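S.K.: Okay, sequence plus prediction incoming.
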Amino acid sequence: MLKMWTQLGSLMASAMFIYAMFMRLLPPPLQAHVKKYTHKFTKLVYPYIRITFHEFTGERLMRSEAYTAIQTYLSENSSQKAARLKAEMVKVKDTHTPLILSIDDNEEIMEEFQGVKIWWSSHKITPKTNTFSAYPDEKRYYKLTFHKRYRSLIIEAYLKHVLEEAKTIEMKNRQLKLYTNSKTRWSHVALDHPARFETLAMKPNKKEEVINDLVKFKSGKSYYAKIGKAWKRGYLLYGPPGTGKSSMIAAMANFMNYDVYDLELTAVKDNSELRKLLINTSSKSIIVIEDIDCSLDLTGQRKKKKEGKGSKRGIDEDNSDDEKGIKVTLSGLLNVIDGIWSACGGERIIVFTTNFVEKLDPALIRRGRMDKHIELSYCCYEAFKLLSKNYLDIESHNLFPKIDKLLEETKMTPADVAENLMPKSLNEDVDTCLHNLIQALEMSKEDAEKKQSNVQATE
Ligand SMILES: Nc1ncnc2c1ncn2[C@@H]1O[C@H](COP(=O)(O)OP(=O)(O)OP(=O)(O)O)[C@@H](O)[C@H]1O
Ligand SMILES: [Mg+2]
């Protein structure tokens with residue numbers, strides 16, 4: 001087989017050589033004629049159509065989006081099919097430098113689309129002249145070859161499929177961003193939070209419920225359009241400090257592949273600034289307002305908060321905040337959530353967190369605004385088992401029943417359980433860590449009992 005190809009190759013080369021010699025002998029007007037007829041002849045005997053996609057196009061030699069999309073598509077598909085690959089580190093914004101594998105120059109791959117064979121090849125032209133140019137000298141392009149019988153299938157369906165696939169791959173591989181606000185602007189850093197639903201300790205059925213809700217939301221574009229509702233969903237995460245509210249937001253972002261906009265309401269001057277900020281969020285994102293009870297005065301405890309936690313300034317609802325002219329109001333926030341959001345694109349999640357759900361204004365958390373209320377609570381036995389699996393790599397131990405009993409008798413947050421489980425030095429083994437936790441649980445139980453008896457004594 002190889003011999004046959006070699007023979008065919010040398011035959012073609014000889015034919016090309018003779019053709020070139022012959023053309024040289026002809027006067028220029030005749031050359032044009034011969035070229036025209038050769039072209040017609042090859043069209044007759046060669047039933048394939050070729051489309052080229054150049055890397056740089058247009059007068060200003062912009063990098064072609066189609067070329068980039070094909071590169072992405074082929075790098076995902078070609079790594080399994082091509083014999084010769086080219087590896088490059090591609091510098092993406094925000095320090096993300098993934099290794100991209102693409103088909104090497106002059107390499108060809110074949111794939112099938114709806115039973116039709118398609119060939120992709122990658123080419124490079126190196127110009128002979130050495131003139132200075134701001135753009136790379138080498139010109140690269142991809143060539144797509146297919147039988148002319150399938151012209152409409154390839155042009156209408158296959159190319160659309162390639163571009164859509166490329167978009168999906170890009171979304172999957174993209175670097176998530178964490179945006180924070182200052183004045184009316186968002187600035188961002190790379191979001192690399194390790195929290196995943198698999199590492200989040202909570203009741204398994206509750207976790208499943210949240211995951212299902214998110215999956216339903218993600219695939220709900222046409223459903224939301226059908227029912228005439230903006231494609232957004234509000235979650236209220238509530239529970240004591242250290243129960244995993246912020247961790248759950250990071251897990252949601254990783255699971256959904258969404259950017260996070262961490263909206264610090266206390267840094268927003270007024271309702272119109274708030275509106276601008278929210279309009280400037282992109283779709284496929286989670287907008288987070290942490291400690292909502294501290295950011296808006298819903299509780300009448302603004303003064304206390306201010307004294308207790310300097311950074312968590314309260315904001316008056318009646319626009320009469322005495323310092324720095326802060327004027328974000330509850331009604332302003334609600335108007336933006338209900339109004340602007342519905343009008344400007346979809347696939348957005350808004351998450352409020354609070355430690356004091358009972359203090360929130362019912363208007364803020366009614367269904368439709370905050371569609372799902374998720375309670376994150378003290379560590380239960382199932383949550384502990386997940387933590388011990390993650391932190392100590394164990395799924396059972398003879399101390400587990402004792403811990404189970406203690407967890408029922410006393411309240412400890414997952415953050416505290418995790419901290420006690422974590423080995424503090426190289427020579428702390430599993431037993432020591434579990435004993436540390438038991439000790440902490442017993443102390444917490446004693447404290448709670450003492451507090452209880454003090455209360456009873458004062459009554
Ligand atoms: N449910 C949990 N599962 C796994 N780890 C947890 C959980 N809850 C807390 N942790 C651990 O405790 C740390 C603090 O948790 P996190 O910041 O998510 O709490 P929070 O509920 O947001 O608290 P706060 O109300 O103070 O903001 C996390 O970094 C994580 O390591
Ligand atoms: Mg938090």
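M.R.: Cool, the structure landed. Ligands and ions are numbered 1, 2, ... in the order given.
S.K.: okay, CA-based contacts and neighbour counts for the rest of this
M.R.: Noted.
S.K.: how about the strands of the stretch 1-150 of the chain, start to end?
M.R.: Per DSSP state E, counting those that start in this stretch, the stretch 1-150 of the chain carries strands over the ranges 48-54, 56-57, 62-63, 85-89, 99-103, 108-113, 116-125, 139-147.
S.K.: Tell me where the model's unsure across the stretch 251-400 of the chain.
M.R.: 297-327, 340-343, 345 (pLDDT under 70).
S.K.: who touches the closest residue to ligand 1 within it in this structure?
M.R.: Ranking the residues of the stretch 251-400 of the chain by distance to ligand 1 (CA to the nearest ligand atom) places Asn355 first, at 5.8 Å. Counting by CA atoms under 8 Å, 6 or more residues apart in numbering, Asn355 makes contact with 238-241, 291.
S.K.: how about the residues of the stretch 151-300 of the chain near ligand 1?
M.R.: Within reach of ligand 1 by CA under 6 Å from any ligand atom, the stretch 151-300 of the chain has these residues: 199-202, 240-247.
S.K.: taking these one by one, which sit in strands?
M.R.: Among these, none falls in strands (DSSP state E).
S.K.: which among these gets closest to Ala457?
M.R.: Proximity of these to Ala457 (CA to CA) peaks at Pro240, which lies at 26.7 Å.
S.K.: My read is that the closest one contacts Ser377, right?
M.R.: Yes: with contact defined as CA atoms under 8 Å, Pro240 and Ser377 form a contacting pair (6.7 Å).
S.K.: If you count surrounding residues, which of these two has more?
M.R.: Ser377 (21 against 16; other CA atoms under 10 Å).
S.K.: which SS state does the more buried one fall under?
M.R.: coil (DSSP: H, G, I helix; E, B strand; the rest coil).
S.K.: List the buried residues of stretch 433-445.
M.R.: In terms of neighbour count (16 or more other CA atoms under 10 Å), stretch 433-445 has its buried residues at 433-434, 436-438, 440-442, 444-445.
S.K.: is it possible to export those residues to JSON lines including pLDDT, secondary structure and distance to Trp231?
M.R.: Formatted as JSON lines, the buried residues of stretch 433-445 follow (pLDDT from 0 to 100; DSSP: H, G, I helix; E, B strand; the rest coil; distance: CA to CA, whole Å):
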{"residue": "Cys433", "pLDDT": "94", "secondary structure": "helix", "distance to Trp231": "46"}
{"residue": "Leu434", "pLDDT": "95", "secondary structure": "helix", "distance to Trp231": "46"}
{"residue": "Asn436", "pLDDT": "93", "secondary structure": "helix", "distance to Trp231": "47"}
{"residue": "Leu437", "pLDDT": "94", "secondary structure": "helix", "distance to Trp231": "44"}
{"residue": "Ile438", "pLDDT": "95", "secondary structure": "helix", "distance to Trp231": "47"}
{"residue": "Ala440", "pLDDT": "94", "secondary structure": "helix", "distance to Trp231": "45"}
{"residue": "Leu441", "pLDDT": "95", "secondary structure": "helix", "distance to Trp231": "44"}
{"residue": "Glu442", "pLDDT": "94", "secondary structure": "helix", "distance to Trp231": "48"}
{"residue": "Ser444", "pLDDT": "92", "secondary structure": "helix", "distance to Trp231": "45"}
{"residue": "Lys445", "pLDDT": "91", "secondary structure": "helix", "distance to Trp231": "46"}
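S.K.: now, the most widely separated pair of those?
M.R.: The widest separation within those (CA to CA) is 18.4 Å, between Cys433 and Lys445.
S.K.: measure the residue nearest the centre of the chain to Gly220 for me?
M.R.: Geometric centre of the chain, nearest residue: Asn257, 2.4 Å, by CA atoms, centre = their mean. Asn257 sits 16 Å away from Gly220 when distances are taken as CA to CA, to the nearest Å.
S.K.: Give me the three-state assignment for the nearest residue to Ala195 once chain neighbours are set aside.
M.R.: Nearest non-adjacent residue to Ala195, counting by CA to CA, 6 or more residues apart in numbering: Ala251, 5.0 Å away. Going by three-state DSSP, the secondary structure assigned to Ala251 is helix.
S.K.: Give me the neighbour count for Ala251.
M.R.: Using other CA under 10 Å, the number of residues around Ala251 comes to 21.
S.K.: One more: the one 4 residues further on?
M.R.: Under the neighbour criterion other CA under 10 Å, Phe255 is assigned a count of 15.
S.K.: Okay, and it sits in which element?
M.R.: In the assignment (DSSP states H and E), Phe255 maps to helix 245-256.
S.K.: Quick check: what element follows that helix along the chain?
M.R.: Per DSSP H and E, helix 245-256 leads on to strand 259-262 as the next helix or strand towards the C-terminus.
S.K.: For that following strand, which helices and strands make contact with it?
M.R.: For strand 259-262, the contact count by 3 or more CA pairs under 8 Å, 6 or more residues apart in numbering; DSSP states H and E identifies strand 177-182, strand 285-289 as packing neighbours.
S.K.: I would like the residues contacting that strand, please.
M.R.: Strand 259-262 is contacted by residues 176-181, 191, 253, 281, 284-290 when judged by CA under 8 Å, 6+ apart.
S.K.: Give me the helices and strands touching the following helix or strand past that strand, please.
M.R.: Sequence order places helix 271-279 as the next helix or strand after strand 259-262, per DSSP H and E. Contacts defined by 3+ CA pairs under 8 Å, 6+ apart place helix 271-279 against helix 330-335.
S.K.: What residues sit buried inside the helix it packs on?
M.R.: Neighbour-count burial for helix 330-335 [16+ other CA under 10 Å]: 330, 332-333.
S.K.: C-alpha coordinates for that helix, PDB please?
M.R.: What follows is helix 330-335, C-alpha atoms only, in PDB (Å, rounded to 0.1, in the frame of the first residue of the first chain):
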ATOM      1  CA  LEU A 330     -34.500  48.300  49.400                       C
ATOM      2  CA  SER A 331     -37.100  49.500  46.900                       C
ATOM      3  CA  GLY A 332     -34.200  50.400  44.500                       C
ATOM      4  CA  LEU A 333     -32.800  47.000  44.800                       C
ATOM      5  CA  LEU A 334     -36.100  45.300  44.200                       C
ATOM      6  CA  ASN A 335     -36.800  47.500  41.200                       C
END
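S.K.: Looking at Tyr48 now. What's its pLDDT?
M.R.: pLDDT for Tyr48: 90.
S.K.: and it, how far is that from Thr145?
M.R.: Separation of Tyr48 from Thr145 (CA to CA): 6 Å.
S.K.: These two: who's more crowded?
M.R.: Using other CA under 10 Å, the more surrounded residue of Tyr48 and Thr145 is Thr145, with 18 against 15.
S.K.: contacting residues around Lys183?
M.R.: 267-269, 273.
S.K.: Val189: how many residues sit nearby?
M.R.: Neighbour count for Val189, taken as other CA under 10 Å: 13.
S.K.: helix or strand for it, which one?
M.R.: Under the criterion of DSSP H and E, Val189 resides in strand 185-190.
S.K.: Over to Lys385. Which of the three states is it?
M.R.: Lys385 - assigned by three-state DSSP - is helix.
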